[in-house]
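Visitor: Sequence below, structure please.
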Amino acid sequence: MKFELQHTDQYSSARAGTITTDHGEIQTPIFMPVGTAGSVKGIQVNDLEEQVKAQIILGNTYHLYLRPGMEVIKGAGGLHEFNAWNGPMLTDSGGYQVYSLAASRKISENGVKFSSHIDGSKHEFTPEHAMDVQRTIGADFMMAFDECPPAKAEERYVTKSMHMTHRWLKRCIDRFDSTEAHYGHEQTLIPIIQGGVFPHLRKESAEFIAAMNRPANAIGGLSVGEPDEDMYAMTALCTSILPMDKPRYLMGVGTPVNLLESIALGVDMFDCVMPTRNGRNGMLFTEDGIINIRNEKWRLDFSPIDSKSEADVDNQYSKAYLRHLMISKEMLGAQIASIHNLAFYLRLMGKARKHIIEGDFTSWKTKMIPRLKNRL
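Guide: Numbering: from 1, shown residues only. Okay, here's the model as predicted:
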């Protein structure tokens, strides 16, 4: 993996760069659609490429490990071959699922024992096992195994958790460095900063992760229920410590406003289920604000879903038709809304990059934020 930092904003920490992987280039800042179980829910690969214009997608280690299982993934020749996505890919380590499965898991120094949400079967993830599974999946970027503490966790717990995450990272690095990629392309291990909303812990963790000198770094444990102001403060603290010449990935974030504010703080990469999950429930993001397409006001609106978009679905179908599909619970409605939202997110990233390069990112962002918050 190679990262070239090409432009920085004069009035903020926003950056534009290019990440080069064996599966292609990624223009940053970038949003990564989430494909939890090996697919971005309801969207075919050709639509991801042609309408969404995705440059990199995610898979989730926990879910893929349980179903279809590593025997299937390995037999297919890795996840790229299995799901027919030929571009760059990143896999989460399963650490976030450790956080979300609080009722059915037990954390120890060795790793995490948990019960499958599918059939209740017992499993254990250790840092070493998380690396082995991700080697088998074969994504270009592999995340270190970590624990994500709850937003309201006490400082004592967050401190203990952070130090264990650091110890786990060393074990991840040892396993990663002592093994080879399975499918002929390079894989990159990304460590994750933790520390909750405690500035001194975030500083300690960011310094520890930076000292590991890996090719890219991630900021985890945010957007889990804390106020946006705390998320931005912790992000700014982390990016002020992380090296300039390596990509920075803010995990699990977020709304269009969150993305622009975090780009201004020096973040390069994002992922979130929001555009697809909210889209399936009828929430559409646009440059002029947020649309609840299920509302009665759109019943006789025969204008395009979004005439500013290059995605076929945005110009081919009307708001009235999409509302009809949603009210009727037709699967096509969820698909159209998901494509629309992801295409909007990727287009927003492209415009942010353009304004960073042209030198007017901050003034553009200032104008965009109130529009993006507007409810239509």
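
Visitor: Quick check, pLDDT for Ala151.
Guide: In this model, Ala151 is scored at 81, pLDDT.

Visitor: Was I right to think it contacts Met231?
Guide: No - using CB atoms under 8 Å, Ala151 makes no contact with Met231, being 9.5 Å away. All C-beta atoms are positioned from the backbone trio N, CA, C, and that covers glycine.

Visitor: out of the two, which sits in the more crowded spot?
Guide: Set Ala151 next to Met231 and count neighbours by other CB atoms under 10 Å: Met231 wins out with 25 against 16.

Visitor: Kindly export the helix or strand harbouring that one (C-alpha atoms) in PDB.
Guide: Assigned by DSSP states H and E, Met231 falls within helix 228-241. What follows is helix 228-241 as a C-alpha-only set of coordinates in PDB (Å, rounded to 0.1, in the frame of the first residue of the first chain):
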ATOM      1  CA  ASP A 228     -20.800  15.000  18.400                       C
ATOM      2  CA  GLU A 229     -18.800  17.600  20.100                       C
ATOM      3  CA  ASP A 230     -16.900  14.900  22.000                       C
ATOM      4  CA  MET A 231     -16.400  12.900  18.900                       C
ATOM      5  CA  TYR A 232     -14.900  15.900  17.100                       C
ATOM      6  CA  ALA A 233     -12.700  16.800  20.000                       C
ATOM      7  CA  MET A 234     -11.300  13.200  20.300                       C
ATOM      8  CA  THR A 235     -10.800  13.000  16.500                       C
ATOM      9  CA  ALA A 236      -8.900  16.300  16.400                       C
ATOM     10  CA  LEU A 237      -6.700  15.200  19.300                       C
ATOM     11  CA  CYS A 238      -5.900  11.900  17.400                       C
ATOM     12  CA  THR A 239      -5.200  13.500  14.000                       C
ATOM     13  CA  SER A 240      -2.900  16.000  15.700                       C
ATOM     14  CA  ILE A 241      -0.700  13.100  16.900                       C
END
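
Visitor: Would you tell me what the next helix or strand after it is?
Guide: Assigned by DSSP H and E, the successor of helix 228-241 is strand 248-250.

Visitor: From the contact counts, what lies against the helix or strand harbouring Gly17?
Guide: Gly17 is part of strand 15-21 when elements are defined by DSSP H and E. Here strand 15-21 touches strand 2-8, strand 24-28, helix 331-358, going by 3 or more CB pairs under 8 Å, 6 or more residues apart in numbering; DSSP states H and E.

Visitor: Name the residues that touch that strand?
Guide: Residues from elsewhere that reach strand 15-21, judged by CB atoms under 8 Å, 6 or more residues apart in numbering: 1-9, 25-30, 88, 140-141, 185-186, 188, 216, 247, 266, 268, 353, 356-357.

Visitor: Are any of those buried, and if so which?
Guide: 1, 3, 9, 26, 28-30, 88, 140-141, 188, 216, 247, 266, 268, 353, 356 (16 or more other CB atoms under 10 Å).

Visitor: can you give me the helices for the stretch 151-300 of the chain?
Guide: Ranges of helices in the stretch 151-300 of the chain, per DSSP state H, counting those that start in this stretch, are 155-177, 199-211, 228-241, 256-264, 274-280.

Visitor: quick one: which of those helices is nearest Phe82?
Guide: helix 274-280 (20.0 Å; CB to CB).
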